[in-house]
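coords please:
(chains A and B)
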Amino acid sequence: MILEIKDLHADAEQRNVLKGLNLKIKEGELHVLMGPNGSGKTTLAKAIMGHPHVRITGGQILADGTLINDMPVNERARLGLFLQFQNPIEIEGLGIVSFLNTARGSITAGKPANYREFMGEIKDNAQKLKLREDLIGRSLNYGFSGGEKKKMEILQMSMLKPKIAILDEPDSGLDIDAVRIVAQNINEARKKTNAGMLLITHYSRILSYMNPQFIHVMADGKIAREGGKELLAEIEKGGYGTGEDE
Amino acid sequence: MKTYKEFVEDAIKNYETLPIESNDIYKKYTVNPAFDYIKTDEKTDKGAHEAGLEMISKAVTEKTRIKFDGVISNHAANSFNADIKLTSYDKTDIKLLEGKMFKSNDDKLAAFSNAHANRIIVIDAPENSHKKLNLLFVSNGNLGVQVLVNSKKNSKIEIFELFASGGNSKSIVTVLHEISAGHNSETELNVLHNEGDNAHVLNLCKAIAKDNAKLNANFIYSGGAVTKTKCYADSDGSGSEVDINEFAFGTGNQKFDLGTFIANRKPYSTARLESGAILDGNSHCMLKGYAKVEKGAKGCFSRITERGILLSDNAHIDALPDMAIDYSNEVKATHSAATSPIDKEALFYLESRGLEEKAARKAFIISFITKYISRIKDGVASEVAMSVMLNKLEGGELGTIPEIKTSGIWMSR
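I've put the predicted structure just below:
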């Protein structure tokens, strides 16, 4: 899949947040999106996935050349888009296994999963993420710590095998070891599925375990700087350099 | 000692004179069933009714895969288990009636039940015993039953009661429970009301947990036009634990008035009330939880949680948690109430994982229902309750017993 964003303008909470953003992500590529708070990173992630509170006022979001600006959220997921939420929702009473089974069935429109194989796959992913096994038997994110929620998002990504994943701060709130584990699992998912990824982060630590090809810095609703891995060192040293209050 | 006739006459007198609710707030928030009770004719062919009951029992057993230990209708009653003693009300030992917890002169609704009950079911759990009983209640007219449970020291008992009825016009189903949970006993009572859409349901309960006793009562309401409940549960022993969970799923013009009073009377006791409702159409539910912490209940814990989800603009929930604490130190007491439509962020989350909007709404609704059903520890009762809820969610007829579908329900506990 090629996800292409052309001159995107969008409002969120009655404020013009995205002001002409351009970005192109292909399968297999790892893009990193950085930028000051309030620059529009999460709004972009939500716009790509079709959040009802983000109103696109101009420009295009294209998936393999198809305009998806008005496409229902679930259809975007079925195309192969995945959003890892910065603040995952807790739903008490919705069993994780049942939810993942329904989600995978919805995306692949395939036969119902073999329960034993499906459970094995979930447990395998949970082990790799060092996620306590008893959490799998519980309600979705209910009573989870911040770190457990982030790991559960990555587990979902591994199970749903998207073509392009938007990862909105997978490292925020994680301890040093958890950042490494999450990064390793993102790498593994990429390797397995050749998914393209847009990783939104404020910290370079997670990137030390990864090999991003493209770094984008966002400011005031659009891409202000772009480059390769060398841009990270510049940002570490001199800040985003966008002229905005960081 | 009073005669049975005098007992009933007193009950009728009290029913006519007692105020139905004394609290001003509760006066405002009250729904009452239509108490135009018509005495059913008991002189019909009892043999034919018992044969009919057996057929119903077989049919329901096939659908639910549950063996019922007792089947009770408005016309006849069969007990298939010696642990369940069935008696018609007028043949009951008057001493039993005199010793009842729910007195006719204390409560108008209890007076109504005492005056009109046709069956008394006595369940004794002897010391150190472990019992599991399933009861089926079916009716095509007025049904009045009283279930008296006596759990002795160190006993364990699980009771599942399933209520179903046809769409008889304004039939009244009156159920009164009295539970005495003895020292170190464990009692689980699961009651599922799935009457027809014209039934008026009155559910009364008085329960007492003695030292270190655990009492868990789950009341699930799905059927009936009007449901009114009044439940008193006392943590009346040191270290006792009382958990009351009640849940209503309302559609159409259904009305639910759920009133539950929990009390901590002794040190280190626990009393928890979880009330929930999910409403569609023009349905209305009142959640009235009241907690009392008495002086001397040192180190106790009391909690009321009321949650509601509204699926339509015309559905309405009144959540009224209330609490009174006589002992102010070393007491943990909380109450909370929240009502909202389906969370749009939650829907977006589910849709982002591939679920269509309709499927996402359904998943959210089922998750809310599951939250309450999963508190039922008895697997059989929780499966039946979930199937009844799913049947209703799919627009199924009230009162009927759906096939139990476990495939596809991977419940979270």
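
which strands and helices sit next to the longest helix seen in chain A?
Longest helix in chain A, counting residues (DSSP state H): helix A:176-193. Using 3 or more C-beta pairs under 8 Å, 6 or more residues apart in numbering or on different chains; DSSP states H and E as the contact test, the elements touching helix A:176-193 are helix A:115-128, helix A:146-160, strand A:196-200. All C-beta atoms are positioned from the backbone trio N, CA, C, and that covers glycine.

ok, and which of those has the densest surroundings?
Comparing those by mean neighbour count (mean count of other C-beta atoms under 10 Å in any protein chain shown), strand A:196-200 ranks first with a mean of 24.

now for that strand, which elements pack on it?
strand A:15-26, strand A:30-34, helix A:41-49, strand A:164-168, helix A:176-193.

Now tell me what touches the first one from outside.
Outside of strand A:15-26, the residues that reach it under the criterion C-beta atoms under 8 Å, 6 or more residues apart in numbering or on different chains are A:1-11, A:31, A:40, A:43-44, A:47, A:54, A:57-59, A:164, A:196-198, A:216, A:218, A:220-223.

Only whichever of those residues are buried, select them in PyMOL.
Buried subset of the contacts of strand A:15-26, written as a PyMOL selection, criterion 16 or more other C-beta atoms under 10 Å in any protein chain shown:
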select buried, chain A and resi 1+3+4+5+8+9+10+11+31+40+43+44+47+54+59+164+196+197+198+216+218+220+221+222+223
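
so who does the closest residue to B:E195 other than its chain neighbours touch?
Take B:E195 and drop its neighbours on the chain: the residue closest to it by C-beta to C-beta, 6 or more residues apart in numbering or on different chains is B:G223, 4.0 Å away. Contacts for B:G223 (C-beta under 8 Å, 6+ apart) come out as B:163-165, B:193-197, B:199, B:201, B:398-399.

what kind of secondary structure is B:G223 in?
coil (DSSP: H, G, I helix; E, B strand; the rest coil).

For B:K63, see how far away it is.
16 Å (C-beta to C-beta, to the nearest Å).

thinking again about what came up before, what does the longest helix of chain A contact?
For helix A:176-193, contacts defined as C-beta under 8 Å, 6+ apart pick out A:28, A:30, A:125, A:128-130, A:147, A:150-151, A:154, A:157-158, A:161-163, A:165, A:167, A:170-171, A:174, A:195, A:197, A:199, A:205-206, A:209-210.

Residue 151: what's it in contact with?
Assuming you mean chain A. A:129-131, A:178, A:181-182, A:185.

think we crossed wires, I meant chain B
B:125, B:157, B:179-182, B:185-187, B:213.

For these, give me TSV that also has pLDDT, neighbour count and distance to A:A63.
Shown next, in TSV, are the contacts of B:S151 (pLDDT from 0 to 100; neighbours: other C-beta atoms under 10 Å in any protein chain shown; distance: C-beta to C-beta, whole Å):
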residue	pLDDT	neighbour count	distance to A:A63
B:A125	93	26	63
B:I157	96	24	59
B:I179	97	24	60
B:S180	97	20	66
B:A181	97	33	61
B:G182	97	21	66
B:S185	98	27	62
B:E186	98	20	57
B:T187	98	25	58
B:A213	98	29	61
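
want to throw those residues into JSON lines with distance to chain A and secondary structure?
Shown next, in JSON lines, are the contacts of B:S151 (distance: C-beta to the nearest C-beta, whole Å; DSSP: H, G, I helix; E, B strand; the rest coil):
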{"residue": "B:A125", "distance to chain A": "31", "secondary structure": "strand"}
{"residue": "B:I157", "distance to chain A": "27", "secondary structure": "strand"}
{"residue": "B:I179", "distance to chain A": "27", "secondary structure": "strand"}
{"residue": "B:S180", "distance to chain A": "32", "secondary structure": "strand"}
{"residue": "B:A181", "distance to chain A": "28", "secondary structure": "strand"}
{"residue": "B:G182", "distance to chain A": "33", "secondary structure": "coil"}
{"residue": "B:S185", "distance to chain A": "29", "secondary structure": "coil"}
{"residue": "B:E186", "distance to chain A": "24", "secondary structure": "strand"}
{"residue": "B:T187", "distance to chain A": "25", "secondary structure": "strand"}
{"residue": "B:A213", "distance to chain A": "28", "secondary structure": "coil"}
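
out of those residues, who's nearest B:D280?
B:I179 (32.4 Å; C-beta to C-beta).

Is B:E54 in contact with B:A76, as I believe?
No: using C-beta atoms under 8 Å, B:E54 is not in contact with B:A76; the gap is 9.6 Å.

who has more neighbours, these two?
The neighbour count for B:E54 versus B:A76, taken as other C-beta atoms under 10 Å in any protein chain shown, is higher for B:A76 (23 against 14).

sec struct for B:M55, please.
B:M55 - assigned by three-state DSSP - is helix.

and it, how far is that from A:R15?
Distance of B:M55 to A:R15, computed by C-beta to C-beta: 67 Å.

Could you pull up the mean pLDDT of stretch B:81-93?
What stretch B:81-93 shows for mean pLDDT is 79.

Give me the distance between that stretch and the centre of its chain.
21 Å (C-alpha atoms, centre = their mean, to the nearest Å).

tell me the contacts of B:A324?
B:290-293.

next one: B:Q254
Per C-beta under 8 Å, 6+ apart, neighbours of B:Q254: B:197, B:224-227, B:281, B:283-284.

low pLDDT regions in chain A?
A:110-112, A:242-246 (pLDDT under 70).

Just confirm A:G58 contacts A:K6, I think it does.
No: between A:G58 and A:K6 there is no contact under C-beta under 8 Å: 9.8 Å.

Spell out which residues are contacts of both of the two.
Shared contacts of A:G58 and A:K6 (C-beta under 8 Å, 6+ apart): none.

how about the residue most central in space within chain A, what does it touch?
In chain A, the centroid-proximal residue (C-alpha atoms, centre = their mean) is A:L167; its distance is 2.0 Å. For A:L167, the contacting residues are A:84, A:157, A:186, A:197-200, by C-beta under 8 Å, 6+ apart.
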